[in-house]
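A.B. asks: What follows is a predicted structure for the sequence shown.
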Amino acid sequence: MLPDLYKVQHVRRETDDTITFELGLAAGRQPFRFSAGQFNMLYVRGIGEVPISISGDPGSPETLVHTTRAVGAVTRAMRTLKVGDMLGVRGPFGVGWPVEQAVGHDVLVVAGGIGLAPLRPTVYQLLANRDRYGKVVILYGTRTPADILFRKEVEAWRARLDIEVYVTVDRATEGWRGNVGVVTKLIPRAPFDRTRTMAMICGPEIMMRFTALELERRGVETDHIYLSMERNMKCGIGLCGHCQCGATFICKDGPVFRYDAIRGLLSQREI
Amino acid sequence: MHTLEPILAEHPFLKGLRQEHLELLVGCASNVRFEAGAFVFRQGQEANHFYILRDGKVAVELFAPQRGAVAIDTYGEGDVLGWSWLIPPYHWRFDARAIEPTRAISLDARCMRTKCENDHDLGYELMKRFARIIEQRLDATRWQLLDVYGVRS
């Protein structure tokens, strides 16, 4: 499967090591339709290809938006992208968030660090169809105040009267007046009905494990908890086996999984 | 006569406590309020109270030379603040400062210790509840130490 080439239209620096870039469709090309939670394989010519979740609005398929953190050779090269540069794209791949199944439920979105990026399309959809859901609560934990992603958007969400947004940082810096502590500490404050809540969690695996455990402890059914795994994905279509965990291919069967289907993998050292 | 009993009974930390135990606690309880910036307690002072937070926000801080006061945790509505009153030598190990106007119920530590010594059922029930909080905070501290959001080198 060959990548299609897209032109970088806009680059925004989110934090010291994280950027968001928008890719434009070539004239005459069909809109890039995707589900919240799906990912693309992004290819930087001469360097390599990596899986990156789509962080844009599924309701605006004329622009393709990704947010990436510079952690390896390819993502470090992405950090130097300029408007007009070309990028290869394969996708969209994988199974997304259960936005439709969540209709009629309270929705709890729990993001850790860069994990807010794959969840942002879900937030857009929840807000665009706000009357179809019960309470909507967003809990976001990150390292320091300087690491808060999409800061202006998060502030705008916090200002809304129809959703609840709580932010916490692991390490406060001078001038921070908000919450300090791990994201699970926010769960008791979140006003959701445990009997009718769908939870969607994305972040480092340790964060997701503790969050799922805390939700389970508070009575949320394990089949109503979803999380996004993003291990070792390479081909994106379940052929190469890099992301295989037992009979499960993260790239094809996920990256979003129901917690009760994946919980055993979260604590297995050998995988 | 209005007492603090209904407020204590509804607080998440004390929910489900037996009626006779609640009545014992009420005898040690008083309403307190802290303005933003006010210290709730200071490191090294005797731990003469603990606090059932009703609203507002309190930061637990550690003062470090050259770094100033570093907030290491925050607590708000539904939380309980302070367990040094339970463990000898009963001195606070951190500072706690209100960062928003905060209302709380203060429980007198000497009064509580005496009642727990006299009624071991009450003492054991409170100890179980504090052990759960200590466990959660230990888990959280371990998780923070891992710096899970940091870049792996």
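C.D. replies: That came through, no problem.

A.B. asks: and the next element down the chain from the host helix or strand of B:Thr74?
C.D. replies: Taking DSSP states H and E as the criterion, B:Thr74 maps to strand B:68-76. Per DSSP H and E, the first helix or strand lying C-terminal to strand B:68-76 is strand B:80-81.

A.B. asks: and that following strand, average pLDDT?
C.D. replies: Computed over strand B:80-81, the mean pLDDT rounds to 96.

A.B. asks: for stretch B:113-129, same thing?
C.D. replies: Average pLDDT, stretch B:113-129: 96.

A.B. asks: what's the answer for stretch A:251-263, then?
C.D. replies: Stretch A:251-263 carries an average pLDDT of 84.

A.B. asks: how about it as PDB, C-alpha atoms only?
C.D. replies: C-alpha atoms of stretch A:251-263 as PDB (Å, rounded to 0.1, in the frame of the first residue of the first chain):
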ATOM      1  CA  CYS A 251      -3.300  -1.800  14.400                       C
ATOM      2  CA  LYS A 252      -6.200  -3.800  12.900                       C
ATOM      3  CA  ASP A 253      -8.300  -4.800  15.900                       C
ATOM      4  CA  GLY A 254      -7.600  -1.600  17.800                       C
ATOM      5  CA  PRO A 255      -6.000   0.700  18.600                       C
ATOM      6  CA  VAL A 256      -9.200   1.400  20.700                       C
ATOM      7  CA  PHE A 257     -10.200  -1.700  22.700                       C
ATOM      8  CA  ARG A 258     -12.800  -2.400  25.300                       C
ATOM      9  CA  TYR A 259     -11.100  -2.700  28.700                       C
ATOM     10  CA  ASP A 260     -12.400  -6.200  29.500                       C
ATOM     11  CA  ALA A 261     -11.000  -7.500  26.200                       C
ATOM     12  CA  ILE A 262      -7.500  -6.100  26.700                       C
ATOM     13  CA  ARG A 263      -7.000  -5.900  30.500                       C
END
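
A.B. asks: Run through who's touching it.
C.D. replies: Here stretch A:251-263 makes contact (C-beta atoms under 8 Å, 6 or more residues apart in numbering or on different chains) with A:37, A:39, A:51, A:53, A:93-98, A:118, A:200, A:212, A:216, A:222-223, A:225-230, A:233-238, A:243, A:248. C-betas here are computed from N, CA, C, even on glycine.

A.B. asks: Inside helices: which ones of those residues?
C.D. replies: Among the contacts of stretch A:251-263, the members found in helices (DSSP state H) are A:Pro118, A:Ala212, A:Glu216.

A.B. asks: Of the residues you listed, which is the most crowded?
C.D. replies: The member of the ones in helices among the contacts of stretch A:251-263 that has the most neighbours, counting by other C-beta atoms under 10 Å in any protein chain shown, is A:Pro118 with 27 neighbours.

A.B. asks: Would you mind confirming that that one makes contact with A:Cys202?
C.D. replies: Yes. Using C-beta atoms under 8 Å, A:Pro118 is in contact with A:Cys202, at 5.1 Å.

A.B. asks: what sits in contact with each of those two?
C.D. replies: In terms of C-beta under 8 Å, 6+ apart, A:Pro118 and A:Cys202 are both contacted by the residues A:Ser228.

A.B. asks: mind checking the end-to-end distance for stretch B:45-52?
C.D. replies: 19 Å (C-alpha to C-alpha, to the nearest Å).

A.B. asks: what's the helix ranked longest in chain B packed up against?
C.D. replies: Counting by DSSP H, the longest helix found in chain B is helix B:120-146. On a contact count with 3 or more C-beta pairs under 8 Å, 6 or more residues apart in numbering or on different chains; DSSP states H and E, helix B:120-146 meets helix A:205-217, helix B:19-26, helix B:109-118.

A.B. asks: Out of the ones you listed, which is closest to A:Ile148?
C.D. replies: Closest to A:Ile148 of the helices and strands packed on helix B:120-146 is helix A:205-217 (C-beta to C-beta; 15.5 Å).

A.B. asks: List of residues touching the closest one?
C.D. replies: By C-beta under 8 Å, 6+ apart, helix A:205-217 touches A:108, A:110, A:112-113, A:115, A:141, A:182-184, A:187, A:199, A:201-203, A:222, A:225, A:227-229, A:259, A:263, A:266-267, B:139, B:143, B:146, B:148-149.

A.B. asks: Just the buried subset of those residues, please.
C.D. replies: For the contacts of helix A:205-217, a burial check counting by 16 or more other C-beta atoms under 10 Å in any protein chain shown picks out A:108, A:110, A:112-113, A:115, A:141, A:182-184, A:187, A:199, A:201-203, A:225, A:227-229, A:259, A:263, A:266, B:143, B:148-149.

A.B. asks: Report the residue spans of chain A with pLDDT below the cut-off.
C.D. replies: Chain A contains residues with pLDDT under 70 at A:231, A:268-271.

A.B. asks: Name the residues of it found near chain B, please.
C.D. replies: When proximity is defined as C-beta under 8 Å from any C-beta of the partner chain, chain A approaches chain B at A:17, A:69, A:71, A:112-114, A:141-143, A:147, A:168, A:170-172, A:174, A:176-182, A:184-185, A:188-189, A:203-204, A:206-207, A:210.
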